[in-house]
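S.K.: Show me how the following folds:
(4 chains)
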4 protein chains.
Amino acid sequence: MTAPDWLERNWGRWGADDERGALNYITPEVLCRAAQLVRRGKLYNLGMKVEADAPRTPNRLPTIRTTRFRTSRDGRAGGDDYVTLNTHGATHVDSLAHVWWAGRLYNGHDAERYVNGFDGARRNGIEKQGGFATRGVLLDVAGHRGVAYLSHGTLLSGNDLDAVARAQGVEVRPGDALIIRTGWIRGWHETRDRYLVDQPGIGEAALPYLHEKQVAAVAADNMAVEAWDPNRVAHLHAPLIRGLGLMLVELLDLEAMAADRAWESLFVAAPLRITGALGSPLNPLALT
Amino acid sequence: MTAPDWLERNWGRWGADDERGALNYITPEVLCRAAQLVRRGKLYNLGMKVEADAPRTPNRLPTIRTTRFRTSRDGRAGGDDYVTLNTHGATHVDSLAHVWWAGRLYNGHDAERYVNGFDGARRNGIEKQGGFATRGVLLDVAGHRGVAYLSHGTLLSGNDLDAVARAQGVEVRPGDALIIRTGWIRGWHETRDRYLVDQPGIGEAALPYLHEKQVAAVAADNMAVEAWDPNRVAHLHAPLIRGLGLMLVELLDLEAMAADRAWESLFVAAPLRITGALGSPLNPLALT
Amino acid sequence: MTAPDWLERNWGRWGADDERGALNYITPEVLCRAAQLVRRGKLYNLGMKVEADAPRTPNRLPTIRTTRFRTSRDGRAGGDDYVTLNTHGATHVDSLAHVWWAGRLYNGHDAERYVNGFDGARRNGIEKQGGFATRGVLLDVAGHRGVAYLSHGTLLSGNDLDAVARAQGVEVRPGDALIIRTGWIRGWHETRDRYLVDQPGIGEAALPYLHEKQVAAVAADNMAVEAWDPNRVAHLHAPLIRGLGLMLVELLDLEAMAADRAWESLFVAAPLRITGALGSPLNPLALT
Amino acid sequence: MTAPDWLERNWGRWGADDERGALNYITPEVLCRAAQLVRRGKLYNLGMKVEADAPRTPNRLPTIRTTRFRTSRDGRAGGDDYVTLNTHGATHVDSLAHVWWAGRLYNGHDAERYVNGFDGARRNGIEKQGGFATRGVLLDVAGHRGVAYLSHGTLLSGNDLDAVARAQGVEVRPGDALIIRTGWIRGWHETRDRYLVDQPGIGEAALPYLHEKQVAAVAADNMAVEAWDPNRVAHLHAPLIRGLGLMLVELLDLEAMAADRAWESLFVAAPLRITGALGSPLNPLALT
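M.R.: Sure thing, here's the model as predicted:
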C-alpha cells in the first residue's frame, strides 16, 4: 500500500466541500493560454469507438446498442437508439468517487453515507466535476523510446516522464492535462489475450512528479493510466484519485496525434453529467 | 411537407461519399478564430444532468444508472456503473442518420441498405461526424423579447433570428454553431404536463437563413430545435438533417450562459463515437 | 421492528447450507397431489404484461424493450429484442437474498461477504431457489368481503386469512403457495397517484399463521405481499424472507382466476435463473 | 428455400386472427392427461443460468446484471437488480413474430404494418402466446445413439425422431412438446470456438413428422432446434414458425432429465409477457 500521506494529500486544499479536486488547478488564465494553442485548426477525436468489440476489462461487458426506427406511409422515417454501457468501458474518465479507501472518498467524504447502488455517489459523482478544458501535453513515451509499445509491466517514474518532456521540448505546468502514450492500444489488436496482463503505465515513482507539477488530469492509452499489476489491480488509483483528486482519462486513441507530434493542444473532456456516476464514457478532444 | 428541393439541398456539395454534412463548413480557419474567443477562461456545461427525471420525449424512457462497488478486507474499495439510456434522451446531438425520407439518408445514402436494428446506421452514424468545435453564437430570443420563455407554438423565422443577432451586435458567419435560447427549459419545471405540446422553436421560414448563413450546427434549449407541432412532429428534421446535413443539438441548458450575455464562445461538442448510432448523449461546452 | 425471534425463525431448519428456505416444504408428495388438481385443463397467466406502463415502485424504472430486425434480399426476415428491466418490476418473485438485517441473510449467510454489486448475491440468489410447483390456494379476500378492493392500509391477520379459507371451503396445508387477492391491482388503473400509499396486505399478525401452516410461498396482487406502510416500507420482508425463508411473489393479476373461483390449482413459478439476482421477473401460472 | 406450401401450412387453421399457432393443439384434455404424469414429484429446471458466460449467438451480447442495495442505520438492508438481456440469449422461446418472410408473419399478419423497433410486434408477440403446459416427450437422440453428442452437422429426419421414440417406448401425440436432446450443450464447454458451427439438430426432413404429429412445441438443447448451417442460418425457422406456428424452445439443459430417463413429463413454459417481444428468456420446467 502506498504511504498513507499520499492517500489524503490534497484533502482540504480547496475547501472541505470540494468535489472537483485537481481541476481547481485549471484557472481562467490556464484555460485562456491553452486556447491560444489552437493554431492549425485541427481536431483530434481521442475517444475509441463505443461498440461491442472495444477494449475494456473483462468484468465490464460490451456496450449494447439497439437502433429502432419507424417509417410512415408518406415516406418519412427516423429513429433513435438505446445503449447500455459501463461508465468505465472504452474511453472514459474516472470520477472522484471511482475509488475509496477506509470508507473515505477524495476530500474525506464518507463513502458509507454517500455511495450506494440506488443513488450512486452523492458526493464526488462525475456531474460534480463536469467538463474541463486545459492545455494538453502529450508525452509520447513509446515514440521517445523508439518502440511500437512499451514492454509489459513497464513502470514509468517521474524521471521517465520528465525525460520525454525534455526531449520533446515541452514543459509541464500547473493545470495541464498530461497525455501519456504507451503505444499499448496496439496490443488490443495484436495480443488480445494478453491485453490486460502487465500493461505498462505510470508507477508509484510518478506520484511526486504529478503532485509537484500540479497537473489537473492524466490521460493515457492504456486501461488504467497506471501500470496494470494483476496482483495489485489499480492500486495507485487510491493515491491518484482519493489522495490527489486527479482526473484519470483512460483508453485513449493517441495514434494520429502522436503521428503529428502534437505535443501541445487544447484538451477538452466533456463527461456526460450522469447524476451520481462513478465515471463517464467520453470522447476527449484535442485541438491544435 | 417542405418543398422537395430542401430535402436534398446540400447533397453532393462535399462529395458523394460525405457523411459529415455542414460540419464541412468548419474550416481550420474557423476553428482557429473561434479559439481566440476564449478570453475570460470560463467554461459552461450546457448539458443537462443525465438522470431519471431529465427532460425527454415520453417514448424515450428514463436513463437507468446502476452503481456497483466492492470493498476489500484491506479497506480498498471502488466501483463503476452501468447506464441504459436513449441516444436522444436529455441533452444530445442528432446524427445525420437520425431521419430519412423516401428511403434516402442525407447525401442520398440508401436507408434500406444501410440502416437496421442490428448494425444501426452503417452510413451517417454519429461516429462518422465525431466531435466538433467552432464559434458558438448564442441568440437569446427570450431575453431579446423580455420574456421568461417564448409563448407556445412560436415559430422563429430567419428574420426573427437576424433581429436578435443585430440587437446583440453579433454577426452569424459560415461554420458557426447557432445556439438558440427559447427559455422553454423552464417549462419542464413549471408546466411539465404541457412540456411537449407546442414548444416554440424555429419554423420553416428559418431554413433559407440557416442555409445562406452556412451554419454548421444549430443548438437549442428545446426538444427538437424546431417548434414542436404535435400534428407534424419534427417535420423540419428532414430538410434540416437530410437536406442541409446540419447537426442539431437539443435540450441544452443555456441559463448561465445567457445570464452572462456570452454571445460568442468556442462551442465544443464531443458525441460518444457509438458505432452506428443515430445520435449521442452529449455535454456540450462553451468556452469564453 | 418485529420481535427478534421472527428474524431467524427457520434458520438451520433445513441445514446450515440451505438456500431454498420454505420451498423445502414442497415434498414430492405435495407436488404429486397438487398435479392431481388439474382437472379442467385450464391455464391462467398470472403475470402482468412487462412494459413501460406496468405497475412498479417509482424507484424501479420502466422496462425498456427494443426490437431489432433485419430483412434479406430474398424476403427472409427476423429479429430479437433487448430488454432492460428491474428484477422486481412488474410481476416478480423475491429471492432469499432480497433483504437482510444486521448483516445476515436468510439462514445466517453473511451479507457483507456474499453480496456486492458486481457478483450480486453469491448466497441465496434466485438461481439457488429455481422453479417451483405446488398446490396454489387462492384466498380471495376482496371477494369474500364483497368489495372491489380492500380499503387503504388494511392489515390482514392470520384470522382474516383463515376466515376466507373457511368460507371458501379450502384448507391450507404444508407446502402450499398462498395466493392472496386484495383487488388492489385495480387501484393501479383507477388511482395511480395513490397506488403506492397504504396498500392493503398482510400485517404482522399474519406471521404465526404463515409459519404454522408451513406454506412455501405467498403470492399477492399487491406490491409487496405485506401492506405498504410508507413509514416502515416493507418492514415485514425481514421476518418473511430472512426469518421464515418464504418465497414472496408480487404484483399478480388474479382477476380471471378469482372470477372462476379457482381456489385450488397447480401453481407454477419459474424464475429466470439469473446468477446472483435478488429476484426475477416472472409469469406465474395456475393450472386447474 | 423450403417448398412454399410449408411456409403457410397452418395459416387460417385456427382462424384468421389467431396468434397462438400450434399451442391450439393443447386442448384441456391434453393438459389434464399431462398433469397425470406427475407421479414422482420431481421438478427439473431446464433453463440454463442467465449470466455473462451463458451460451448464445455472438451477436446477442451477454446478459448484464447489476445488483444495487442499500443499508439503513438500523441494520435493515435490501436491494434489487437491473438486467439487460437479449430475449433470445440463453434458454428462451421464440415468439410467433420471431421470423417472417415476404413481409408476412405466421397466419399472414403483415410485418411491415405490425413490426417496428419502437412497438416491437403488435401481432404474434410473445405476450399473445403466453405460458403453456402440456405433455413433454423427451427424445434423447444422443443417448439412443450411444454418443456424448451428435456429430457436427447431423440433420435429424422424422424417421430419426421416430426411431428414438420407438426405442424409448413412447408415442408422440397431438399437443405434445417434443424435447430433443442432441447432447450438444456439452460442446459449449468443450469446444466453444466451434460451438456455433455445424450444430446438429432437426433438418428439413423432420417437417412432415412435426406437422403430422401435431406437436405444439419443439424444444432442444441446441441453439436453434434446427441444425445450424452457417450458409443458411436458421432457414427452417420460416416453415417451423411462420408456416406451422410452432413454439421453439432453445438452449435447454436436458442432462439431468436424460440421466433419469424421464421420457414423459408435464412440460411447463412461462415466458415473460413482454409486450411486443419477439421471444422471451425462459426457465422451462419438467415435472415428473
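
S.K.: Tell me how far A:His98 lies from D:Arg33.
M.R.: Applying C-beta to C-beta, to the nearest Å, the value for A:His98 to D:Arg33 is 60 Å. (Each C-beta comes from the backbone N, C-alpha and C, glycine too.)

S.K.: just A:Tyr149 next, same as before
M.R.: 68 Å.

S.K.: More neighbours: the two, which one.
M.R.: Per other C-beta atoms under 10 Å in any protein chain shown, whichever of A:Tyr149 and D:Arg33 has more neighbours is A:Tyr149, with 22 against 17.

S.K.: Identify the residue spatially nearest to the more buried one, adjacent ones excluded.
M.R.: A:Gly183 (3.2 Å; C-beta to C-beta, 6 or more residues apart in numbering or on different chains).

S.K.: can you check A:Thr67 too?
M.R.: B:Gly120 (4.0 Å).

S.K.: That neighbour: how many residues sit nearby?
M.R.: 29.

S.K.: contacting residues for it?
M.R.: Contacts of B:Gly120 were listed using C-beta atoms under 8 Å, 6 or more residues apart in numbering or on different chains, and they are A:Arg65, A:Thr67, A:Asp81, B:Ala97, B:Ile274, B:Thr275, B:Gly276, B:Ala277, B:Leu278.

S.K.: These in strands, which ones?
M.R.: Using DSSP state E, the subset of the contacts of B:Gly120 located in strands is A:Arg65, A:Thr67, A:Asp81.

S.K.: For the residues you listed, which single residue is the most surrounded?
M.R.: Looking at those with neighbours defined as other C-beta under 10 Å, the largest count falls to A:Asp81 at 31 neighbours.

S.K.: List the contacts of it.
M.R.: A:Asp81 is in contact with A:65-68, B:86-88, B:120, B:274, B:276-279, counting by C-beta under 8 Å, 6+ apart.

S.K.: What are the contacting residues of whichever helix in chain A runs longest?
M.R.: Using DSSP state H to define each element, chain A has its longest helix at helix A:158-168. With contact meaning C-beta under 8 Å, 6+ apart, helix A:158-168 is reached by A:137, A:139-141, A:144, A:171-172, A:178, A:180, A:202, A:205-210, A:261, A:263.

S.K.: The stretch 1-150 of chain A against chain C: which residues are in contact?
M.R.: Contacts of the stretch 1-150 of chain A with chain C, taken as C-beta under 8 Å from any C-beta of the partner chain, map to A:Asn59, A:Ile64, A:Thr66, A:Thr67, A:Arg68, A:Tyr82, A:Thr84, A:Gly117, A:Phe118.

S.K.: what about the second one, distance to A:Thr84?
M.R.: Spelled out, that is A:Ile64. According to C-beta to C-beta, A:Ile64 and A:Thr84 sit 4 Å apart.

S.K.: got the phi/psi numbers for A:Val115?
M.R.: Taking degrees, to the nearest 10, you get phi -120, psi 130 for the backbone angles of A:Val115.

S.K.: count of residues packed around the residue of the stretch 1-150 of chain A found nearest chain C?
M.R.: Nearest to chain C in the stretch 1-150 of chain A, going by C-beta to the nearest C-beta, is A:Thr66, at a distance of 4.0 Å. Around A:Thr66 there are 26 other residues, counting by other C-beta under 10 Å.

S.K.: pLDDT score assigned to the closest residue to it other than its chain neighbours?
M.R.: For A:Thr66, ignoring the flanking residues on the chain, the nearest one in space by C-beta to C-beta, 6+ apart is C:Thr66 at 4.0 Å. What the model reports for C:Thr66 is a pLDDT of 94.

S.K.: Out of the contacts of A:Asp81, which is nearest to A:Leu43?
M.R.: B:Ile274 (18.4 Å; C-beta to C-beta).

S.K.: is it true that that closest one touches A:Glu51?
M.R.: Yes: assessed by C-beta atoms under 8 Å, B:Ile274 is found in contact with A:Glu51 at 7.2 Å.

S.K.: Of the contacts of helix A:158-168, keep whichever come out buried.
M.R.: With neighbours counted using 16 or more other C-beta atoms under 10 Å in any protein chain shown, the contacts of helix A:158-168 contain these buried positions: A:137, A:139-141, A:144, A:172, A:178, A:180, A:202, A:206-207, A:209-210, A:263.

S.K.: Can you name the residues of chain A that neighbour chain D?
M.R.: A:52, A:61-62, A:64, A:66-71, A:79, A:84, A:116-118.

S.K.: Once you drop chain neighbours, what's closest to the residue of the stretch 151-288 of chain A found nearest chain D?
M.R.: Relative to chain D, the nearest point of the stretch 151-288 of chain A is A:Gly276 (11.2 Å; C-beta to the nearest C-beta). Nearest residue to A:Gly276 in three dimensions, chain neighbours excluded: A:Gly120, at 2.6 Å (C-beta to C-beta, 6+ apart).

S.K.: isn't A:Arg70 right up against A:Gly79?
M.R.: Yes: under the criterion of C-beta under 8 Å, A:Arg70 makes contact with A:Gly79 at 6.5 Å.

S.K.: Could you name every residue contacting both of the two?
M.R.: D:Gly117.

S.K.: then stretch A:42-62 to PDB, C-alphas only?
M.R.: Extracted as PDB, the C-alpha positions of stretch A:42-62 are listed here (Å, rounded to 0.1, in the frame of the first residue of the first chain):
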ATOM      1  CA  LYS A  42      -7.200  20.600 -36.400                       C
ATOM      2  CA  LEU A  43      -9.300  18.500 -34.100                       C
ATOM      3  CA  TYR A  44      -8.500  15.000 -32.900                       C
ATOM      4  CA  ASN A  45     -11.100  12.600 -31.600                       C
ATOM      5  CA  LEU A  46      -9.200  10.700 -28.900                       C
ATOM      6  CA  GLY A  47     -12.200   8.500 -28.000                       C
ATOM      7  CA  MET A  48     -12.300   5.000 -29.300                       C
ATOM      8  CA  LYS A  49     -15.400   3.700 -30.900                       C
ATOM      9  CA  VAL A  50     -18.100   2.600 -28.500                       C
ATOM     10  CA  GLU A  51     -19.100  -0.800 -29.700                       C
ATOM     11  CA  ALA A  52     -19.100  -4.500 -28.600                       C
ATOM     12  CA  ASP A  53     -15.600  -5.000 -29.600                       C
ATOM     13  CA  ALA A  54     -13.900  -2.100 -27.800                       C
ATOM     14  CA  PRO A  55     -11.100  -2.500 -25.300                       C
ATOM     15  CA  ARG A  56     -12.400  -2.900 -21.800                       C
ATOM     16  CA  THR A  57     -11.700  -5.000 -18.700                       C
ATOM     17  CA  PRO A  58     -13.400  -8.400 -18.800                       C
ATOM     18  CA  ASN A  59     -15.900  -7.600 -16.000                       C
ATOM     19  CA  ARG A  60     -17.200  -4.600 -17.900                       C
ATOM     20  CA  LEU A  61     -19.400  -6.200 -20.500                       C
ATOM     21  CA  PRO A  62     -19.600  -4.900 -24.100                       C
END
